[in-house]
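Peer 1: I would like the atomic coordinates for the input below:
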Amino acid sequence: MEVQTRRNRTALIQDQENIYANKKVVVVPSKRQGLTVRGALGELNTNIQLNREVNIGKVAVTAAEYEKKASINRNAVNKSHVQSKIDTGLAAKNIVQPSSRPPLRREESTAGLAARAVVRTRAALKDTQAKPNELKESINLLLQTKKNEVKKTTKLPTLKENKEKKRLPKPILKESTGKLGKLKISENTDSCEKLQKDILSEVTNVNTPELPDDIEDIDASDYNSPLLMSIYIKDIYYYLTQLEEKYPIEEDYLKFQTVITGKMRATLIDWLVEVQRQFKLVLETFHLTVGIIDRYLQVVPNVQRNQLQLVGVTAMFIASKYEEIYAPDVGDFVYVTDNAYTKADIFQCEKDIITKLGFCFARPIPLSFLRRFVKAARGTSKNHHLAKYFVDLCLVEYSMAHYHPSHLAASAICLSLYLLSGKPLSEVWSPTLSFYSGYSLENIEPVMRKIAQIVINVEKSKHKAVYNKYTDPTLAKVSTLPQLKGEAIFELANSESLT
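Peer 2: Numbering: from 1, shown residues only. Purely as a prediction, here's the structure:
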């Protein structure tokens, strides 16, 4: 019904327009000051100055006709009502029906849109006034259905249901709780610490020496940090010193090999330094790799030349799985060997190494001791990097393989402190360092002289992977320091005894 009413009113308006168009009466609209209309096409101004007399021909006649239609439509419609509807944005958009009429001018099209909007609005108002009761009934019905839906979805349990739930029997454990009582731990801190010490002494038989009064406690400020394990750290390092004595590397252990020599070993480890850099592995992985190679070559005699590289990449493969968060794939190690071996070869060698070493890789590495000694010396990061450089050079050198990791670390940090500080060795190697390392200056002095000789001759050596590695700015370029070519290191290398 509403649609039919709109069509009738639209037809009536079009008929009126056609009637006025056929009469061809020229009507000049009067000027109204300050009257503007804002429509869908922009802001329009009705103060149009018409100088129709100047124009001649069809253009003048056509303009007069369109002006006449616009003025008639504006007079027929309540202008205040149209103005309010358009200003409030209620004028309908895109309501012009397609027709065969020619396109209207801007003033005429806007007026027609406004008139049609007013007609539809009035018709809608009449319909709503005629059927108020029907609207109320539909609204009430909609509200009632929503209330019913809410009641169905949000039904709360009654008081009776809550009581029944409380009366339900509690679940019964299938297993007895006798064993659970043994899991109780005493809240007394003293008893807990005593239990921990008893367990630690039973398992490892650790008898950590007590701290003398004149020695600084370097762990005193770390009791609030659980990551530094200040409660157990002294016992841990004492246990590591026992492990390095349990798994020693004998001096000149390659004498049992018929093919492999010290130079071949140095060439292998120098190449593994490049592999470590290429894969961006941590330094712990490299140190553990060298330890696995030395232990395996010491246990297994008659390793052939074509198997040495396989032993090296397999040892790094095992060490990377032991130390790295994301270990390289076995295919990566096959690639670095230029496909000289297959994945099956590496897996078979891995089984052989693990079996021969008794599934134990607990032998400590020099880097673990080095960190402890740098802390005891209150050294800088530069001291630490230089000491790591010395240790890595020693790992490549076959003549240094039989020294304990702690012995190499103590000698390296002492030499680093001596070269960078310029102080005498007696002042550099303090009683605190001697206590925490377990070595006196007389113990580490021969190793320091050997390290100094290796550093001086590194530029003449064929194995320069470690030297090139420590030219990196992230490692403070310690291999290029001027102190490594100064008088102090030459005197140390050429002297027989410093004490």
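
Peer 1: would you list every one of the strands in this protein?
Peer 2: Listed in chain order, the strands of the chain (DSSP state E) span 36-39, 42-45.

Peer 1: so what's Asp392 up against?
Peer 2: Asp392 makes contact with 273, 286, 466, 469-470, according to Cβ atoms under 8 Å, 6 or more residues apart in numbering. (Glycine included, C-beta is placed from N, CA and C.)

Peer 1: got it, and Ala266?
Peer 2: Contact partners of Ala266, counting by Cβ under 8 Å, 6+ apart, are 396-398, 463.

Peer 1: With Gln298 instead?
Peer 2: Contacts for Gln298 were tallied using Cβ under 8 Å, 6+ apart; they are 249-250, 253, 256.

Peer 1: Between those, which sits nearest Tyr439?
Peer 2: Relative to Tyr439, the closest of the contacts of Gln298 is Ile249; by Cβ to Cβ it sits at 17.7 Å.

Peer 1: Check whether the closest one really touches His402, as I assumed.
Peer 2: Yes. Using Cβ atoms under 8 Å, Ile249 is in contact with His402, at 5.0 Å.

Peer 1: Which of those two has more residues huddled nearby?
Peer 2: Each of Ile249 and His402 has its neighbours counted (other Cβ atoms under 10 Å); Ile249 has more, 18 against 15.

Peer 1: So what does that one look like in phi/psi?
Peer 2: Backbone torsions of Ile249, given as degrees, to the nearest 10, read phi -110, psi 120.

Peer 1: cool, and the one 3 residues further on?
Peer 2: The main-chain torsion angles of Asp252 are listed as degrees, to the nearest 10 and equal phi 50, psi 50.

Peer 1: Out of the contacts of Asp392, list just those in helices.
Peer 2: Among the contacts of Asp392, the members falling in helices are 273, 286, 466, 469 (criterion: DSSP state H).

Peer 1: of those residues, buried ones?
Peer 2: For the ones in helices among the contacts of Asp392, a burial check counting by 16 or more other Cβ atoms under 10 Å picks out 273, 286, 466, 469.

Peer 1: Burial check on Tyr239, number of neighbours?
Peer 2: Counted by other Cβ under 10 Å, the residues lying close to Tyr239 total 18.

Peer 1: oh, and call the first residue 5 from now on, that's how I've got it
Peer 2: Renumbered: residue one is now 5, and that last one reads Tyr243.

Peer 1: That one and Asp221, how far apart?
Peer 2: Separation of Tyr243 from Asp221 (Cβ to Cβ, to the nearest Å): 19 Å.

Peer 1: hmm, back to that, which one of the ones in helices among the contacts of Asp396 is nearest to Leu231?
Peer 2: Ranked by distance to Leu231 (Cβ to Cβ), the ones in helices among the contacts of Asp396 are led by Phe290 at 23.7 Å.

Peer 1: Just the pLDDT for the closest residue to that closest one other than its chain neighbours.
Peer 2: In space, and not counting its chain neighbours, Phe290 is closest to Gln280: 4.7 Å by Cβ to Cβ, 6 or more residues apart in numbering. We have a pLDDT of 96 for Gln280.

Peer 1: cool, and Glu327?
Peer 2: With respect to pLDDT, Glu327 has a value of 94.

Peer 1: dump the residue contacts of it.
Peer 2: 285-286, 288-289, 292.

Peer 1: Those residues, buried ones only, as a PyMOL selection?
Peer 2: This is how PyMOL selects the buried members of those, with burial counted by 16+ other Cβ under 10 Å:
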select buried, resi 285+288+289+292
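
Peer 1: Show me the contacts of Glu327 that map onto helices.
Peer 2: Per DSSP H, helices hold the following members of the contacts of Glu327: 288-289, 292.

Peer 1: From these, pick the one nearest Met233.
Peer 2: Glu288 (17.3 Å).

Peer 1: care to break the chain down by domain?
Peer 2: 6-134, 253-368, 369-503 (automatic domain parsing).

Peer 1: Tell me who's in contact with Val263.
Peer 2: If you count contacts by Cβ under 8 Å, 6+ apart, Val263 has them with 306-309.

Peer 1: Neighbour count and pLDDT added to these, as TSV?
Peer 2: As requested, these are exported to TSV (neighbours: other Cβ atoms under 10 Å; pLDDT from 0 to 100):
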residue	neighbour count	pLDDT
Asn306	10	91
Val307	19	94
Gln308	12	94
Arg309	10	94
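
Peer 1: want to throw these into JSON lines with distance to Leu272?
Peer 2: Putting the contacts of Val263 into JSON lines (distance: Cβ to Cβ, whole Å) gives the following:
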{"residue": "Asn306", "distance to Leu272": "17"}
{"residue": "Val307", "distance to Leu272": "11"}
{"residue": "Gln308", "distance to Leu272": "13"}
{"residue": "Arg309", "distance to Leu272": "11"}
